[in-house]
Structures are given as structure tokens and as C-alpha cells.
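Enquirer: Sequence plus the predicted model coming up.
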Amino acid sequence: MSSARSVYRPWVVCCLGLCLAACSCGRESALKSSHIKGTEEQPATSSTSKANGETGGPGPSATTSNGASDTSQGAGASAVAQPAVWPPKGAKVTRLGPNISFGQLGDRRWVELDAKVCLQMGYLEHLLSRDEAGKQHESVLSLSIDASHIHSALLAAGAKPGRPVQFFNEKGDPEFKPPSGDRIRITLYYKDAEGRLVSIPAQKWVRNTRTKKPLELDWVFAGSYFFKPPGGDQEFYAANDGRVITTANFTTALLDLPIRSSEGDPQGGLEFEANSELIPPRDTPVKVVLEVIKNPEKP
């Protein structure tokens, strides 16, 4: 396996330069200097819930509930959902490509992904996968994207990758080392049954299969890696196997949980499952906002 650090290929190197340039030359000029041909959108005039006078930012308080049906949301939704505003007023959001954007407001930077709900009930190996990988049966969210673009955008947002999970040491002996990297806050924005924009921490859509308690950990920027298949000349980004934001440990993961969370036979059970009561119907559009957690408290 290649080192996670081998991920810095031309597209990624360009974005890393973008990130460094952003520190000295401002975010706008940095984005324009990248060969990612971003389309600059107008500064945001925060949508939704203006009557409530709310300001933008990932909010942990809003949720929407649904029952077992894939077509209707549960009666508890109105009791827990809080109106949200996204993007923040005055923010600049630049489209980097299909289903991915880069946002900035002052010193704050984030990555936006346009996904859809693909699973409400069942065991999970992912929070988010890519359509092309065909893992919608074990992921809450999915979208069509090149996962290396998410990696590069996170670099531009100031996130530092660590390394994916390791199951063996250099001698080949079994030795578990959890994935590492900057902690990433993931907030989900979508419209509830009444058409209101609401937000929820991504952890709320994932729960422990035994305790039924929501996930309490942040994901880390493990970073995946590039590799060449035997006999091949073209390099591939490993997370394009679908391991974009995982709930089970994979050596190819882009974002992973910093604990031991085994993959396994879905028939035999996994560590985590979909928190069905809080997940809106399938095909609901969801904006996934990724933001590095600055100066995180030690767990």
C-alpha cells in the first residue's frame, strides 16, 4: 500500500498551493489561482428562516424525524426541527465541480457537497459514499463525485490529513492503529416536510447498533492514498472505491472514525446503523458541510 502522503498529485498539489496562498493572499485570489475552474457565486443573502433572525453556521440543534416509511417523515419532526440558515450571510461560495463547492467568510472556510439520502434503515459502513461505487445499501448518503476532489478542497479549507487505519505493523504482525488527521465537523442541511431548511450534526444520523445511542465522535481526515494497479500506468485515488466518509475502518477511507470500528458481514451486524427516526425520506437532497475543527479539545 502506498503511503497516505502519496495523495499529493497534480490536482491535489495545486489545491495545497491554493491553501498556502490563501493564508497570504486571501481566499478569493487563492481559489482563482487553482486549476480547479471554480464558478464564483454571488455573496450569500442567507436563505430560509429570515423571519427568525438567525445567522448562518452549522447548528447542532435542528433535526427532522421520520418513521419507518421511506416516503413520509415522522410525527416527531415538528417537535425537534429548528429553522436553519445556510450559507451564512455575506459568504462567498464557489462551485468547484459537480456536487462540490468551496465556501468562505472571513477566515472561515468550508467544503459543501450536494448529496441525497439513499438509506433510512440498516447497518452502515459509511455515512457518505459515491454513486459510482454502488454502496448505497450501506450508506446513508451518496453523490456522484471524484473523492480526490473532496480531499483537495479540504486541504484548501485548511485541513491537514493524517493517515488511514492500519491493521498490521511494518513486520506484518497484527497491530491496530486508528486513523488520524484533523477532526472535521460535518453538518447536514435539508428541507423538512414543511419545506423549512433545517440542520443537524451528521452524528445524529448514525447510532450504535447495541446501545442505540447516536455517534458521539467527530470524523478525522485520514486522507486515503493514490495507487497504481499491478501492470497499470494510471493512478487511482483509493477512496473512489466508495469509502468517502466511513463508519467502519477502511485503509482506503478519506474520512474515518478514530476508533476501532470493524467492517463485517452485514448479516452478522456492524458497529453502527442508520438512526432511522431522524433521517428524511430517500432521495431527499442534503447539503453536507465539512469544516475543520480548530483547536479541538482533547477527547
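Expert: Sure, I can see it. Numbering: from 1, shown residues only.

Enquirer: so residue 239 sits in a strand?
Expert: No: with DSSP: H, G, I helix; E, B strand; the rest coil as the criterion, residue 239 is helix rather than part of a strand.

Enquirer: and it, how many neighbours does it have?
Expert: 31 (other CB atoms under 10 Å). Glycine gets a C-beta too; all of them are placed from N, C-alpha and C.

Enquirer: Could you do residue 212 as well?
Expert: For residue 212, using other CB under 10 Å, the count is 9.

Enquirer: same question, the one 3 residues further on
Expert: Under the neighbour criterion other CB under 10 Å, residue 215 is assigned a count of 22.

Enquirer: going forward, begin numbering at 826 instead of 1
Expert: From this message on, residue numbering opens at 826, which makes the last subject residue 1040.

Enquirer: For it, give me its contacts.
Expert: The contact partners of residue 1040, by CB atoms under 8 Å, 6 or more residues apart in numbering, come to 1028, 1029, 1031, 1032, 1033, 1072, 1082, 1097.

Enquirer: 7 Å instead, please
Expert: Counting by CB atoms under 7 Å, 6 or more residues apart in numbering, residue 1040 touches 1028, 1031, 1032, 1097.

Enquirer: Sitting in strands, which of the residues you listed do you find?
Expert: 1031, 1032, 1097 (DSSP state E).

Enquirer: gap between the residue lying closest to the first one once chain neighbours are set aside and residue 981?
Expert: The shortest distance from residue 1031 to any residue other than its chain neighbours is 4.3 Å, reached at residue 1040 (CB to CB, 6 or more residues apart in numbering). Computed as CB to CB, to the nearest Å, the residue 1040 to residue 981 distance reads 27 Å.

Enquirer: Residue 970 contacts residue 921, doesn't it?
Expert: No: Residue 970 lies out of contact with residue 921 (CB atoms under 7 Å); the separation is 10.2 Å.

Enquirer: which residues touch residue 1046?
Expert: 979, 984, 985, 986, 987, 1006, 1007, 1009, 1080.

Enquirer: between those residues, which is nearest residue 997?
Expert: Relative to residue 997, the closest of these is residue 987; by CB to CB it sits at 22.1 Å.

Enquirer: Got the confidence number for the closest one?
Expert: The per-residue pLDDT reported for residue 987 equals 97.

Enquirer: Look at it and tell me its secondary structure.
Expert: With three-state DSSP as the basis, residue 987 sits in strand.

Enquirer: on that earlier part again, please report which of the contacts of residue 1040 has the highest neighbour count.
Expert: That'd be residue 1031 among the contacts of residue 1040, by other CB under 10 Å, with 24 neighbours.

Enquirer: Quick check: that residue touching residue 1096?
Expert: No: here residue 1031 does not reach residue 1096: they are 9.6 Å apart, not a contact under CB under 7 Å.

Enquirer: Please enumerate the shared neighbours of the two.
Expert: In contact with both residue 1031 and residue 1096: residue 1072, using CB under 7 Å, 6+ apart.

Enquirer: Hmm, residue 928 is touching residue 913, no?
Expert: No: with contact defined as CB under 7 Å, residue 928 does not reach residue 913; the gap is 8.2 Å.

Enquirer: Looking at these two, which has the bigger crowd around it?
Expert: residue 928 (25 against 18).

Enquirer: what sits against the more buried one?
Expert: Residue 928 touches 912, 916, 918, 934, 935, 937, counting by CB under 7 Å, 6+ apart.

Enquirer: wait, is the last one part of a strand?
Expert: Yes: the assignment for residue 937 is a strand, going by three-state DSSP.

Enquirer: List the beta-bridge partners for it.
Expert: Beta-bridge pairing of residue 937 under DSSP bridges involves residue 926, residue 1114.

Enquirer: didn't it look like it was pressed against residue 1114?
Expert: Yes: using CB under 7 Å, residue 937 is in contact with residue 1114, at 5.6 Å.

Enquirer: Right, I'll call it a day here.
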